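sequence-free structure coming up:
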Ligand code: NAP
């Protein structure tokens with residue numbers, strides 16, 4: 001994928017058109033009100049540093065900025081072709097209807113100024129009435145999710161060459177089993193929360209057995225969260241970081257990498273962006289693993305609706 005400042009390892013997506021390779025670390029682009037750096041500037045800087053994988057979503061409102069950054073990177077000669085990048089975007093729940101998938105993808109491609117995506121994801125396994133995007137989603141806006149119909153439309157998008165791979169996000173084992181029962185193209189990816197305080201062993205094992213690549217989101221358990229951070233403020237992790245001469249963020253990202261996962265971490269800060277790539281030439285010890293296994297586990301992102309849905313995770317949290 002072109003000359004990069006830091007060579008980021010890649011893994012092959014089993015269920016993709018042409019065995020697409022995904023760089024193990026990507027830059028997240030979920031908006032944060034406090035961010036002083038624009039998405040466009042952050043993406044250009046990330047490309048300079050060697051990032052090649054970018055995680056967007058139609059609901060983030062960043063597709064235009066990501067597209068402009070790609071154009072600028074091409075003009076500056078940071079990359080010679082768009083093919084050197086791995087671009088993901090996601091369908092929002094208001095478009096999660098069989099007849100709206102293709103138009104939603106075409107709209108995202110236009111906004112991103114791209115001819116194809118590398119990965120198109122179903123953002124959440126729920127559907128809301130078409131129309132205005134609100135967050136959190138009022139439960140009264142929800143309508144039944146036609147998983148089979150939606151997936152058929154996703155498969156059509158891949159067959160048309162508009163995306164190299166298709167996948168899902170926030171799917172439980174139960175929902176993946178249902179999807180696999182009718183999919184002719186299995187999902188290449190399940191993007192879910194994975195961090196040291198929500199390690200998701202069961203779901204990861206299941207995905208591995210089915211050839212589904214897991215992408216970890218909120219790897220630092222930060223994003224728009226408030227209050228004490230169960231990962232970044234964890235004293236045990238601070239000790240591990242000191243012992244390795246690394247930061248807590250690097251311990252988290254290294255652990256995710258050692259699990260064989262891919263990850264999207266968001267930093268728009270030049271130094272932290274760089275720091276997050278410095279995880280490939282050292283390793284955690286057995287003793288570190290023992291301490292990491294004792295961290296209290298709890299999901300950070302419990303769902304996008306207000307109030308929360310009681311069956312979104314199919315009661316799998318207790319067995320993770
Ligand atoms: P995250 O990557 O765990 O944390 C991001 C926060 O951590 C930002 O505030 C960032 O601030 C800070 N940070 C980054 N690197 C750091 C470092 N080395 N040291 C200290 N602080 C650091 O959280 P996230 O944004 O929730 O998740 C990452 C991406 O996953 C998102 O951007 C999005 O693309 C994706 N995501 C997907 C879903 C889904 O439903 N599929 C849900 C959530 C997230 P600075 O920018 O100031 O460095």
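Thanks, I have it. As the structure is a computational prediction, the values presented were derived from the model and not from experiment. Numbers count the residues shown, from 1 in each chain.

Just after the helix or strand harbouring residue 105, pick out the following helix or strand.
According to DSSP states H and E, residue 105 maps onto helix 101-112. Using DSSP H and E, the next helix or strand after helix 101-112 towards the C-terminus is strand 119-122.

in that following strand, what's buried?
For strand 119-122, a neighbour-count test (16 or more other CB atoms under 10 Å) marks 119-122 as buried. C-betas here are computed from N, CA, C, even on glycine.

what about the strands in this structure?
10-12, 21-23, 25-28, 53-55, 86-91, 119-122, 127-128, 137-138, 142-143, 166-169, 189-193, 213-217, 262-265, 305-306 (DSSP state E).

I'd like those as JSON lines, with distance to residue 112 and mean pLDDT appended.
JSON lines is the format used below for the strands of the chain (distance: least, CB to CB, whole Å; pLDDT from 0 to 100):
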{"stretch": "strand 10-12", "distance to residue 112": "21", "mean pLDDT": "96"}
{"stretch": "strand 21-23", "distance to residue 112": "17", "mean pLDDT": "97"}
{"stretch": "strand 25-28", "distance to residue 112": "15", "mean pLDDT": "98"}
{"stretch": "strand 53-55", "distance to residue 112": "10", "mean pLDDT": "98"}
{"stretch": "strand 86-91", "distance to residue 112": "7", "mean pLDDT": "98"}
{"stretch": "strand 119-122", "distance to residue 112": "11", "mean pLDDT": "98"}
{"stretch": "strand 127-128", "distance to residue 112": "23", "mean pLDDT": "98"}
{"stretch": "strand 137-138", "distance to residue 112": "24", "mean pLDDT": "93"}
{"stretch": "strand 142-143", "distance to residue 112": "28", "mean pLDDT": "96"}
{"stretch": "strand 166-169", "distance to residue 112": "16", "mean pLDDT": "98"}
{"stretch": "strand 189-193", "distance to residue 112": "18", "mean pLDDT": "98"}
{"stretch": "strand 213-217", "distance to residue 112": "19", "mean pLDDT": "98"}
{"stretch": "strand 262-265", "distance to residue 112": "16", "mean pLDDT": "98"}
{"stretch": "strand 305-306", "distance to residue 112": "27", "mean pLDDT": "94"}
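
now for those, which one comes closest to residue 280?
Among the strands of the chain, the nearest to residue 280 by CB to CB is strand 25-28 (9.1 Å).

so, in contact with the ligand or not, that closest one?
Yes. Counting by CB under 6 Å from any ligand atom, contacts between strand 25-28 and the ligand involve residue 28.

Nearest to residue 276, out of the strands of the chain?
strand 262-265 (5.2 Å).

What is the burial count for residue 259?
Using other CB atoms under 10 Å, residue 259 has 16 neighbouring residues.

Check residue 124 too.
Per other CB under 10 Å, the neighbour tally for residue 124 reads 24.

how near is the closest residue to residue 183 other than its chain neighbours to residue 134?
Closest residue to residue 183 apart from its sequence neighbours, by CB to CB, 6 or more residues apart in numbering: residue 151 at 5.9 Å. In this view, residue 151 and residue 134 are 25 Å apart by CB to CB, to the nearest Å.

out of the two, which sits in the more crowded spot?
Between residue 151 and residue 134, counting by other CB under 10 Å, residue 151 is the more crowded of the two (23 against 12).

picking up where we left off before, average pLDDT for the helix holding residue 105?
For helix 101-112, mean pLDDT rounds to 98.
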